[in-house]
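[1] Only the shape, not the letters, is given here:
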């Protein structure tokens, strides 16, 4: 089976490519390398450098036989989306619209979308399940929600099946260190700490300590990227066998505060982390924790690599190579 991974040179995408190849899929990677890293692409995958904003590039990649498309090529910094929404409209919404048009033109029947917990907005209850109201508090979340709506319409009109996988906070690295390229300009907490520790940034800031949480810092559900990758393989099998759409949360049902993450990292590296405090970012919420029961019931999926110590240790194993 041939799987096209849009954004397969990126941090999450390269782990998914690795998981697919381990499960004997033939993989094509399509990436413009704006945030991806070519060194992360498995040597067994075929790589095409191209943009979702180019019709010619899409025509070229879809000239190959493709059975499933996995789409991960979106900008994902919630704070930046509130400062520069046009960037997110152009890449996330328009880029994905171009991709869906190409999928329809070339009769692609199975599509897996990298969505996000940001579609939910402020939690009305915790943990958040898939039925939770979707009221995004930042434009990044809104852009992903618009894509989900387009997928639903395409599915109704073109007999097109999709899985929308709503990630919570993806982090960690392959525990066998087979992927070593770093994220480009990461905005998430753990890689930001790591960049500071290896000297890739001069300072490390905590954005807000006045949240309504146990220690005043935001609490998030951290999911190891290898667990995410495994869910994509299971989703392919589900779409192929059941021929039904799928909307799932991918998280752990556990939450860690920013200070929890900092303290755990300090223990692992045996070093104090000096940080400064920054104001809260617009659109950030207090607590975000997943309910993943549906993923377990439908795919028999559960996180197995997502304890916070393993997440931080596998990340540090890669970043310390850059000291």
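    Thanks, I have it. Remember, it's a predicted structure, so these values are computed and weren't measured experimentally. Numbering: from 1, shown residues only.
[2] Okay, buried residues for the longest helix seen in the chain please.
    In the chain, taking DSSP state H as the definition, the longest helix is helix 139-158. By 16 or more other C-beta atoms under 10 Å, the buried positions in helix 139-158 come out as 139-148, 150-151, 154. Bear in mind the C-beta positions are built from the backbone N, C-alpha and C, glycine included.
[3] what would those look like in CSV with pLDDT and distance to residue 266?
    Below are the buried residues of helix 139-158 laid out as CSV (pLDDT from 0 to 100; distance: C-beta to C-beta, whole Å):
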residue, pLDDT, distance to residue 266
139, 96, 34
140, 96, 30
141, 96, 31
142, 98, 36
143, 98, 35
144, 98, 33
145, 98, 37
146, 98, 40
147, 98, 38
148, 98, 38
150, 97, 44
151, 98, 42
154, 96, 47
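[4] so which of these comes closest to residue 242?
    Taking C-beta to C-beta as the measure, residue 242 sits nearest to residue 151 out of the buried residues of helix 139-158, at 16.6 Å.
[5] For residue 145, see how far away that closest one is.
    To residue 145, residue 151 is 11 Å away according to C-beta to C-beta, to the nearest Å.
[6] show me the residues around the spatially closest residue to residue 72 that is not a sequence neighbour that make contact.
    Spatial nearest neighbour of residue 72, excluding adjacent residues (C-beta to C-beta, 6 or more residues apart in numbering): residue 7 at 3.7 Å. Contact analysis of residue 7 by C-beta atoms under 8 Å, 6 or more residues apart in numbering lists 13, 30-31, 36, 71-74, 114.
[7] Looking at those, which are in helices?
    residue 13.
[8] Pull out the buried residues from the contacts of residue 7.
    So, by 16+ other C-beta under 10 Å, the buried ones in the contacts of residue 7 are 13, 30-31, 36, 71-74, 114.
[9] which one of the residues you listed sits closest to residue 123?
    residue 114 (21.1 Å).
[10] Check the gap between the spatially closest residue to that closest one that is not a sequence neighbour and residue 128 for me.
    Among residues not flanking residue 114 along the chain, residue 72 sits closest, at 4.2 Å (C-beta to C-beta, 6+ apart). Distance of residue 72 to residue 128, computed by C-beta to C-beta: 22 Å.
[11] Ok, residue 237 next?
    Counting by C-beta to C-beta - residue 237 and residue 128 are separated by 26 Å.
[12] These two - which one has more neighbours?
    A count of neighbours by other C-beta atoms under 10 Å puts residue 128 above the other of residue 237 and residue 128, at 26 against 12.
[13] from memory the more buried one sits against residue 119, does it?
    No - counting by C-beta atoms under 8 Å, residue 128 sits too far from residue 119 to count as a contact (9.9 Å).
[14] still on that earlier bit, need the phi and psi values for the residue nearest to residue 72.
    The phi/psi pair for residue 7 (degrees, to the nearest 10) reads phi 90, psi 30.
[15] Can you read off the pLDDT for it?
    We have a pLDDT of 97 for residue 7.
[16] Next, residue 137: secondary structure please.
    With DSSP: H, G, I helix; E, B strand; the rest coil as the basis, the three-state label of residue 137 is coil.
[17] Spit out the contact partners of it.
    Contacts for residue 137 (C-beta under 8 Å, 6+ apart) come out as 118, 121-122, 283-285.
[18] Roughly how far does it sit from residue 145?
    Counting by C-beta to C-beta, the gap from residue 137 to residue 145 is 11 Å.
[19] just residue 117 next, same as before
    11 Å.
[20] Sticking with residue 3, tell me its helix or strand.
    strand 2-6 (DSSP states H and E).
[21] That strand packs against which elements?
    helix 11-22, strand 26-31, strand 68-71 (3 or more C-beta pairs under 8 Å, 6 or more residues apart in numbering; DSSP states H and E).
[22] Out of these, the one nearest residue 44 is which?
    Of all these, it is helix 11-22 that lies closest to residue 44, at 5.1 Å by C-beta to C-beta.
[23] Return the set of buried residues in the closest one.
    The neighbour-count check on helix 11-22 (16+ other C-beta under 10 Å) flags 11-21 as buried.
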